[in-house]
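Engineer: just coords:
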């Protein structure tokens, strides 16, 4: 069984829900407190033991590559001014030389196509896939738990969480089979099932470990919903010859692809920061008080 060494990050999206903020700045570089969204996702992969980070980019995404590069024009002044703590923090976040690769998704044909664009960089080995819009908050990372389950099963792993059954039609939903180690056997997958037809209330939360045979399925470039190449469709085909297991993640997930989820993530992560939590708690309390209707005089 091969180790999961590589992770793919599809970052070619336009981020239209955040315009005009994303007119010149990639949505993945918008900050949660003081770190870009993409940094949280890369850190999650690194905690799980990932060694090689593969970014599938598009036009105007060069700043992501710059973010993960050495910046002498910044590092040198920090060192000269004695700001060694800030410099050390930046250096800890930076991947080692040769640990990052970048490839272009030249046409926006969906998630499945973005994954396929990474085929030559991944090669013939299992890989992690992390959707950068989704960031997690938990004591132990979601991907670390998934890697544990992979090492027990040697197969495809999909992370899931519970949603309100009435909201299941908004997500990709899996069917739950027998429990296996820290997860369960997936009996089926359906993308946005019609109301009342979902096989469970367990939705796919944007974290995957996939076998390289997924590229053979995606090679056909078969279009699905939205006239795009859908990853879920490819996984369903692969499931006819390979097992899929679900990892039931118990932490919190924030959908930073929407303004509401992005703001919620900022609040949640700020309240977990020892240096600013007390101040932010007071600010939030005062804002809520100001929103209360005033009693008539």
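Structural biologist: Received the coordinates, thanks. Please read these numbers as outputs of a predicted model, since none were measured by experiment.

Engineer: outside of stretch 49-56, which residues touch it?
Structural biologist: With C-beta atoms under 8 Å, 6 or more residues apart in numbering as the contact definition, stretch 49-56 has outside contacts at 3-12, 42, 45, 61, 64-65, 68, 95, 99-105, 114-115, 117-118, 121-122, 127-128, 143-144, 147. Using the backbone N, CA and C atoms, a C-beta is placed for each residue, glycine as well.

Engineer: Just the buried subset of those residues, written out for PyMOL, thanks.
Structural biologist: In PyMOL, this line selects whichever of the contacts of stretch 49-56 come out buried by 16 or more other C-beta atoms under 10 Å:
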select buried, resi 4+6+7+8+9+10+11+12+42+45+61+64+68+100+101+102+103+105+114+115+117+118+121+122+127+128+143+144+147
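
Engineer: Go through the contacts of stretch 49-56 and flag which are in strands.
Structural biologist: Under the assignment DSSP state E, these contribute 6, 7, 8, 9, 10, 100, 101, 102, 103, 104, 127, 128 to strands.

Engineer: partners of the second one in the sheet?
Structural biologist: According to DSSP bridges, residue 53, residue 128 are recorded as the beta-bridge partners of residue 7.

Engineer: is it true that it touches residue 127?
Structural biologist: Yes - if you go by C-beta atoms under 8 Å, residue 7 and residue 127 touch, sitting 6.5 Å apart.

Engineer: Out of the ones in strands among the contacts of stretch 49-56, which comes closest to residue 242?
Structural biologist: Proximity of these to residue 242 (C-beta to C-beta) peaks at residue 127, which lies at 14.3 Å.

Engineer: give me the number of residues near the spatially closest residue to residue 129 that is not a sequence neighbour?
Structural biologist: Spatial nearest neighbour of residue 129, excluding adjacent residues (C-beta to C-beta, 6 or more residues apart in numbering): residue 208 at 4.1 Å. By other C-beta atoms under 10 Å, 25 other residues sit near residue 208.

Engineer: Can you classify residue 208 as helix, strand or coil?
Structural biologist: Counting by DSSP: H, G, I helix; E, B strand; the rest coil, the backbone at residue 208 sits in strand.

Engineer: Next, the contact list for it, please.
Structural biologist: For residue 208, the contact set (C-beta under 8 Å, 6+ apart) comprises 128, 129, 130, 156, 157, 158, 159, 231.

Engineer: let's see 7 Å
Structural biologist: Contacts for residue 208 (C-beta atoms under 7 Å, 6 or more residues apart in numbering) come out as 128, 129, 157, 158.

Engineer: what about stretch 16-25, distance to the chain center?
Structural biologist: 19 Å (C-alpha atoms, centre = their mean, to the nearest Å).

Engineer: Pull out the buried positions in that stretch.
Structural biologist: By 16+ other C-beta under 10 Å, the buried positions in stretch 16-25 come out as 18, 22, 25.

Engineer: any idea which element the second one lies in?
Structural biologist: In other words, residue 22. Assigned by DSSP states H and E, residue 22 falls within no helix or strand.

Engineer: which phi and psi does the closest residue to it other than its chain neighbours have?
Structural biologist: With sequence-adjacent residues excluded and distances taken as C-beta to C-beta, 6+ apart, residue 22 is closest to residue 15, at 3.7 Å. The main-chain torsion angles of residue 15 are listed as degrees, to the nearest 10 and equal phi 70, psi 40.
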